[in-house]
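[1] The following block contains a protein sequence and its predicted model.
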Amino acid sequence: MSPIWILTGKEVRDSLRNRWVLAAALLLAALALSLGFLGSSPTGSVKVDPLTVTVVSLSSLSIFLIPLIAMLLAYDALIGEIERGTMALLLSYPVSRNQILAGKFIGHLIILTLATTAGYGLAGIALQLAHGGIDIAAWQPFLLLIAASVVLGAAFLAMGYLISAKVKERGTAAGIAIGVWLFFVVIFDMALLGILVADTQQQITAPVVEAVLLLNPTDIYRLLNLTGYENTAMYAGMAGLSGQLDLGMPVLLAAQALWVLVPLALAARIFGKRQI
């Protein structure tokens with residue numbers, strides 16, 4: 001068996017023993033159910049499926065929770081092993097550093113995928129059963145939400161691995177990880193909004209704003225979910241905007257994929273040259 005899959009299996013088993021999957025799935029399910037049932041009152045009058053309401057709500061609130069879960073999984077993945085001395089032991093076996101990185105990353109991605117799929121999926125089924133039955137059409141944007149959530153988590157996993165490969169202490173990794181999380185989920189959009197408000201001469205054009213949005217994986221995630229389907233775009237009040245955006249689904253998916261691949265490649269490069 002490949003060393004990558006051996007390491008992947010170890011990460012998955014460790015996370016299952018630590019109840020990571022259960023805790024994250026319950027947390028995500030509770031969030032989805034709360035938003036779904038709290039937002040169900042208007043759906044009776046406007047005939048909107050509860051899953052549509054939930055997609056719109058989760059598109060804004062998942063950016064706080066999923067990146068945080070990803071960072072908690074990844075920030076000490078490498079530096080934690082180095083501090084405990086287990087990384088030196090692991091490297092004494094016939095396994096390369098890239099294989100170690102790939103095995104750990106895939107294991108954590110599997111954990112995040114299981115938690116997200118179980119948490120949001122079970123919540124979606126419960127919401128539809130509570131409101132009269134399963135509507136297959138309403139599941140298309142909800143499945144996009146789940147897939148986009150996994151990719152968003154993968155982006156922050158990759159950034160967490162980059163941090164873990166670079167720093168010299170576990171405590172430093174934790175501090176930087178929280179700082180990165182705060183920057184992308186809070187500070188970035190606040191700063192962009194402030195710049196747009198201050199731009200009274202309207203010198204910042206729409207293409208420039210679209211390009212800036214691609215610099216934040218959480219904004220890409222929000223655009224994917226709120227403009228990907230007509231019903232979610234209409235309910236979110238972005239039906240007109242979705243028709244004007246030059247950022248189509250392929251562009252958004254490619255940009256989000258880069259947010260996974262680039263930090264992971266940098267982490268591999270730094271980890272490959274690091275003294276253990």
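    Done, it's in.

[2] contacts and neighbour counts: CA atoms only from here.
    Fine.

[3] Hmm, Val150 and Thr113 touching each other?
    Yes. With contact defined as C-alpha atoms under 8 Å, Thr113 and Val150 form a contacting pair (5.7 Å).

[4] And the lowest mean pLDDT element among the helices and strands of this protein?
    In the chain, the helix or strand scored least confidently by mean pLDDT, DSSP states H and E is helix 43-46, which has a mean of 46.

[5] Tell me the helix or strand right after that one.
    Downstream of helix 43-46, the next assigned helix or strand under DSSP states H and E is helix 50-74.

[6] Which elements pack onto that next one?
    For helix 50-74, the helices and strands in contact under the criterion 3 or more C-alpha pairs under 8 Å, 6 or more residues apart in numbering; DSSP states H and E are helix 20-38, helix 97-130, helix 136-166, helix 170-182, helix 217-227, helix 230-235.

[7] what sits against the residue nearest to Thr218 when sequence neighbours are not counted?
    The shortest distance from Thr218 to any residue other than its chain neighbours is 5.9 Å, reached at Ile63 (C-alpha to C-alpha, 6 or more residues apart in numbering). When the contact criterion is C-alpha atoms under 8 Å, 6 or more residues apart in numbering, the partners of Ile63 are 185, 218, 221.

[8] Repeat that for His108.
    In this structure, His108 makes contact with 8, 11-12, 73-74, 157, judged by C-alpha under 8 Å, 6+ apart.

[9] a markdown table for those residues, including neighbour count?
    Compiled in a markdown table, the contacts of His108 are given as follows (neighbours: other C-alpha atoms under 10 Å):
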| residue | neighbour count |
| --- | --- |
| Thr8 | 24 |
| Glu11 | 22 |
| Val12 | 20 |
| Leu73 | 21 |
| Ala74 | 28 |
| Leu157 | 30 |
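
[10] and which of those is nearest Gly107?
    Compare each of these with Gly107 using C-alpha to C-alpha and the shortest gap goes to Thr8, at 4.3 Å.

[11] how far off helix 20-38 does the helix or strand that closest one falls within point, in degrees?
    Secondary structure from DSSP H and E places Thr8 in helix 3-17. In this structure, helix 3-17 runs at an angle of 60 degrees to helix 20-38, with axes from the mean of the first three to the mean of the last three C-alpha atoms, to 10 degrees as the basis.

[12] What residues sit buried inside helix 3-17?
    3-5, 7-9, 11-12, 15 (16 or more other C-alpha atoms under 10 Å).

[13] ok, so of the residues you listed, who is nearest Gly248?
    Closest approach to Gly248 among the buried residues of helix 3-17 (C-alpha to C-alpha): Thr8, at 34.0 Å.

[14] Could you list the low-pLDDT ranges of the stretch 151-276 of the chain?
    Scanning the stretch 151-276 of the chain for pLDDT under 70 picks out the ranges 228-246.

[15] same thing but at 50, please
    Within the stretch 151-276 of the chain, the segments meeting pLDDT under 50 span 236, 239-240, 242.
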